[in-house]
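Colleague: fold the following, please.
(3 chains)
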Amino acid sequence: MPTNSDRYARIYAVVRQVPEGRVATYGQIAALAGIAGHARQVGYALHALPDGADIPWQRVINARGEVSPRASGGWAAGLQRHLLEEEGVAFDARGRVDLARCRWEPEERPRSPRR
DNA sequence: ATGCTGACTATGT
DNA sequence: TACATAGCCAGCA
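Modeller: Prediction:
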């Protein structure tokens, strides 16, 4: 049984798999981490991330395809968008990403022979 | 222990 | 498309 600490580890492990130039939603990360339906905990886990963590946290956005506004201090949101743009993720005039195009599509094949 | 908060999502209007 | 509600659950006072 996964403990609460393991959940964070799982979340981070999944986020680490998101390739450059791609984004994933909180719900997506949650599902892949084995805690489907607990998207909020994903956001919480990322919030607790220390500076310099080897995690591409900027690639995790909400289901609307937009960078989630922080409750306190918005500097991180601006940085997130900046980092994504440098990776090649395009934002439209409303500051949203085209999920249909930039969404990361993980290949779930835990043991299936590659192709 | 209880209650509130929050980097969310799905559904209804 | 945008706003309002409800459901969700870990962390913290």
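
Colleague: for the most centrally placed residue in chain A, give me its contacts.
Modeller: Geometric centre of chain A, nearest residue: A:V60, 2.1 Å, by CA atoms, centre = their mean. Listed by CB atoms under 8 Å, 6 or more residues apart in numbering, the contact partners of A:V60 are A:15, A:18, A:23-26, A:29, A:42, A:46. Every residue, glycine included, has its C-beta placed from N, CA and C.

Colleague: which element is A:R70 on?
Modeller: Using DSSP states H and E, no element contains A:R70; it sits outside every helix and strand.

Colleague: quick check, pLDDT for it.
Modeller: Note on A:R70: pLDDT of 84.

Colleague: burial count for it?
Modeller: Burial of A:R70 is recorded as 14 neighbouring residues (other CB atoms under 10 Å).

Colleague: that one against A:A76, yeah?
Modeller: Yes: the pair A:R70 / A:A76 is scored as a contact, 5.5 Å apart, by CB atoms under 8 Å.

Colleague: who's in contact with stretch A:71-84?
Modeller: A:23, A:57-59, A:61, A:67-70, A:91, A:95, A:97.
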